[in-house]
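1. sequence and predicted model, in that order:
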Amino acid sequence: MKWQDVGEMRCPIARSLSVIGDRWTVLILRNAFMRMRRFDDFRSSLGLPKHILSQRLKKLVDAEVMTREPYQTSPVRYEYRLTEKGRELHPVILSLSGWGDKWMDGGQGNVLFYTHTDCGHRFTPVMACSGCGGHVHARNVMVSPGPGLVAPAAGTRG
């Protein structure tokens with residue numbers, strides 16, 4: 001299978017990676033969640049070439065993860081804002097950050113702290129069951145087929 005075909009798989013992770021599955025896109029999303037919106041701000045923060053940033057932002061806009069909205073008319077300049085679909089990626093970014101602080105910090109400690117503005121407490125990103133509120137981790141989750149799973153045709157891989 002070729003990388004450009006991964007979005008056609010019946011796997012939700014593969015389809016998600018077809019949109020956000022490269023390092024620059026995840027870092028663009030990280031910055032967008034920190035209220036960054038303008039092309040030049042993304043570029044100076046990430047230090048990547050204009051054409052790469054343009055490609056990644058276009059892909060996010062085409063996938064309706066971000067919108068492109070004018071903020072200046074002469075010359076026309078745009079800012080990039082997360083859509084509802086894009087904001088739904090926040091738990092993914094928080095989880096990556098929490099994992100990185102725990103396992104990839106080299107003993108330096110947290111790079112960022114997260115504060116829940118509703119109660120004012122600092123928190124560590126965790127997964128919780130939407131039914132009971134209990135912590136969710138690899139050893140207490142069972143996966144089973146859902147209605148969107150389509151069995152692959154004989155002789156094919158899925």
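-> Arrived safely.
2. every contact and neighbour count from this point should use C-alpha atoms.
-> Fine.
3. SS state for residue 81?
-> With DSSP: H, G, I helix; E, B strand; the rest coil as the basis, residue 81 sits in strand.
4. cool, and residue 115?
-> Going by three-state DSSP, the secondary structure assigned to residue 115 is strand.
5. from residue 13, how far off is it?
-> The span separating residue 115 from residue 13 equals 28 Å under the rule C-alpha to C-alpha, to the nearest Å.
6. what about this structure, any weak spots by pLDDT?
-> Segments of the chain classed as low confidence (criterion: pLDDT under 70) are 1-10, 150-158.
7. could you redo the last one with a cut-off of 50?
-> Under the criterion of pLDDT under 50, the regions of the chain flagged as low confidence span 156, 158.
8. now do the most centrally placed residue in it against residue 77, distance only.
-> Among the residues of the chain, residue 89 comes closest to the average C-alpha position under C-alpha atoms, centre = their mean, at 4.6 Å. For residue 89, the distance to residue 77 (C-alpha to C-alpha) stands at 26 Å.
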